[in-house]
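Novice: Mind looking at a prediction? Sequence and model below.
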Amino acid sequence: MCGIVGYVGTNKAVPYLIEGLSKLEYRGYDSAGIAVNIGGAVKVIKAKGRLSNLERIVDMDMDTVLGIGHTRWATHGAPSDVNAHPHTNSNETIAVIHNGIIENYMEIKDWLINDKKCVFKSETDTEVIAHLIDYYYDGDLMSAVRKAADRMEGAYAIGVIAKDEPDRLVAVRKDSPLIVGLGVNENFIASDIPALLKYTRDILLIENDEFVDLSKDKVTIYNSLGQEQKREIYKVTWDIDAAEKEGFEHFTLKEIFEQPKGVRETLFRRLNAEDDLAMEGIRLTADELKNINKIYIVACGTAYHAGLVGRRAIEAFAKIPVECDVASEFRYRDPFIDERTLFIAVSQSGETLDTLQSLREAKRKGARVLSIVNVVGSSVARESDDLFYTWAGPEIGVASTKAFTTQLIAFYLIAMHFGRMNGKLTEEEFKTTITEMKTLPEKVTEVLAKSEEIQKLAAKQFNNEKVFFMGRGVDSDLAMEASLKLKEISYINSFAIPAGELKHGTIALIEDETFVVALATQDRLYDKMLSNIKEVKARGAHVFAIAKEGHLQIDKTADEVFYIPNTSDALAPLLAIIPMQLFAYYVSTLRGNDVDKPRNLAKSVTVE
Ligand code: AGP
């Protein structure tokens, strides 16, 4: 997704703009640009492709203290120099950067062209904003931005500068992320915290429909009515290393290896000295839970797959019926939602627009909203009734890894919390499960210690152009996550099937040397999985299986087996996904891909 940065202060603006954009590259982009107010004019410099292409044509020492910068993930108009942001009005007195989509941009563009004789250079919706602000501009940039925003529909985080206001940066937020950084005689805007960490830890979280007026020594926030808003300063506690690679070749590998810490942090912050649950942030009471007759888990991508595992945990521990749906479908199938519905949103970034819009729909229909989120203060977090933060730390690699395992911890704890509240989980069952959960960080470390086995497997299989994943029970859900990991960073055509479905069609695709990954961690479905492995092997498949230690029979059935430490069926997915993450990572590097920033993808999809 696009990244935006802005600077107004007393230091040179360009170094911050470029540094800030470099910290937002992980969001995914295909062009980059900056605009600065210099010598009484607005100067725009932009380039298609990587940020390094822009750096090559920018003078870092430009004598300017006001500027905006942008990394563009193309929505309207192909990646090109012309379509790159920032965009300006015809006489280049206004420059704009934008993350999001202006739904009614064509209608406004037609009016600007036909009635106001504006001349457009690009195919983008963003250029419309520049002309619209110029149309309303009468010497007060904030006033012009507010009038333009009244005309625009859609999602946007916008930064704007003007030729005649060399000490003023204006920003506005609607459904796309925007934060403000507070410095000494300098202030910043950005899409996300990593862009600011080098300069300030004092952040203002901007709410929806808020406008921000920044100068070098003052920041004022207004609501849509023009009323000034007070805002607590949020102190960022991340250490800068947490957002750096710390010696790993890629963020993705670093984050795979950070999972023991993420699992431990997420679990132990929710246990008190007596190993009882400390579920602050989840205010739902036992009486309110009793009134809930339907739970929806709604998310996208990896977060959705965590939801599939979470669904089984809640049904197992709390005996409440749960539906799990992808957010992009949920809203459009007119789901049955009322005051007796609990809507659980799962999102690492907390800014995925599909998930956010589904959450808003559920709230509008009276549902209670509980969210599992990794980014503190994100939109999903701020719009929820109950909140469970995962403590995975910043996840920079586009492929979600440590967020997934910490989301599973969240679901296990929430499921047990519910089961204890409604009496469906005995104290003995609770204590047994908590005791086993406390061994997970160590067991994750044991799995990671065997990463070389996976590296060798990847070396044999990285040239495959199709890979199947299959499993039964929760392993069929996990197969979907394993397949997504491989697809999104290796670009191999892969898919996941419930193993029992093989004979209903898919087995027609199995031929000599077809590579099949069989997830066989569920004790009560183990024998069934052995049969499925035999079925595909009988058609020539090469089978790599994942099983729990001690299940040796599979050694005689599959071609290769990776053993995970023994644990319960319910908790096994948290360990079984690790070798799958590693497999995707090593295959991707062997195929020469940009692992952290795979093609066409963004870390946070803030468009629908
Ligand atoms: C997963 O590896 C992908 N990056 C993607 O599917 C991601 O999980 C999805 O876009 C949801 O993102 P979120 O968790 O930030 O909402």
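Specialist: Received it, and whenever you're ready, just let me know what you need.

Novice: and the stretch 501-608 of the chain, which residues reach the ligand?
Specialist: Residues of the stretch 501-608 of the chain lying close to the ligand (C-beta under 6 Å from any ligand atom) are 604, 605. The C-beta positions use only the backbone N, C-alpha and C, and glycine is treated the same way.

Novice: give me that answer again for 5 Å
Specialist: With the criterion set to C-beta under 5 Å from any ligand atom, the stretch 501-608 of the chain comes near the ligand through residue 605.

Novice: in the stretch 501-608 of the chain, which spans are strands?
Specialist: Applying DSSP state E, counting those that start in this stretch to the stretch 501-608 of the chain gives strands spanning 515-520, 542-548, 560-564.

Novice: for the stretch 51-200 of the chain, same thing?
Specialist: Using DSSP E, counting those that start in this stretch, strands in the stretch 51-200 of the chain cover 66-72, 87-88, 94-102, 154-162, 169-174, 179-182, 186-190.

Novice: Of all those strands, which one is nearest residue 305?
Specialist: Closest to residue 305 of the strands of the stretch 51-200 of the chain, according to C-beta to C-beta: strand 154-162, at 25.0 Å.

Novice: element containing residue 37?
Specialist: If you go by DSSP states H and E, residue 37 is part of strand 31-38.

Novice: Confirm residue 355 sits in a helix?
Specialist: Yes: counting by DSSP: H, G, I helix; E, B strand; the rest coil, one finds residue 355 located in a helix.

Novice: Pretty sure it sits against residue 345.
Specialist: Yes: if you go by C-beta atoms under 8 Å, residue 355 and residue 345 touch, sitting 5.4 Å apart.

Novice: shared neighbours, these two?
Specialist: 298, 299, 327, 380 (C-beta atoms under 8 Å, 6 or more residues apart in numbering).

Novice: Can you check the pLDDT for the residue of the chain found nearest the ligand?
Specialist: Going by C-beta to the nearest ligand atom, the ligand is nearest to residue 301 of the chain, at 1.8 Å. Residue 301 carries a pLDDT score of 98 in this model.

Novice: Report the contact partners of the closest residue to residue 400 other than its chain neighbours.
Specialist: Closest residue to residue 400 apart from its sequence neighbours, by C-beta to C-beta, 6 or more residues apart in numbering: residue 302 at 3.9 Å. Applying C-beta under 8 Å, 6+ apart to residue 302 gives the contacts 348, 399, 400, 403, 404, 481, 484, 485.

Novice: doesn't residue 302 fall inside a helix?
Specialist: Yes: assignment of residue 302 by three-state DSSP places it within a helix.

Novice: hmm, back to that, which ones, among the contacts of residue 302, also lie beside the ligand?
Specialist: Within those, those near the ligand by C-beta under 5 Å from any ligand atom are 348, 399, 400.

Novice: between those, which is nearest residue 514?
Specialist: Using C-beta to C-beta, residue 399 is the member of these that lies nearest residue 514, at 24.2 Å.

Novice: I figured that closest one hits residue 252, correct?
Specialist: Yes: here residue 399 lies in contact with residue 252, judged by C-beta under 8 Å, at a distance of 5.5 Å.

Novice: How about the contacts made by the nearest residue to residue 493 once chain neighbours are set aside?
Specialist: Leaving aside its chain neighbours, residue 493 sits nearest to residue 466 (5.1 Å; criterion: C-beta to C-beta, 6+ apart). The neighbours of residue 466, taking C-beta under 8 Å, 6+ apart as the test, are 492, 493, 494, 509, 514, 515.

Novice: got it, and residue 13?
Specialist: 7, 36, 62, 64, 65, 66, 67.

Novice: How about the contacts made by the first one?
Specialist: Residue 7 is in contact with 13, 16, 17, 20, 65, 66, 67, 68, 169, 186, 187, 188, counting by C-beta under 8 Å, 6+ apart.
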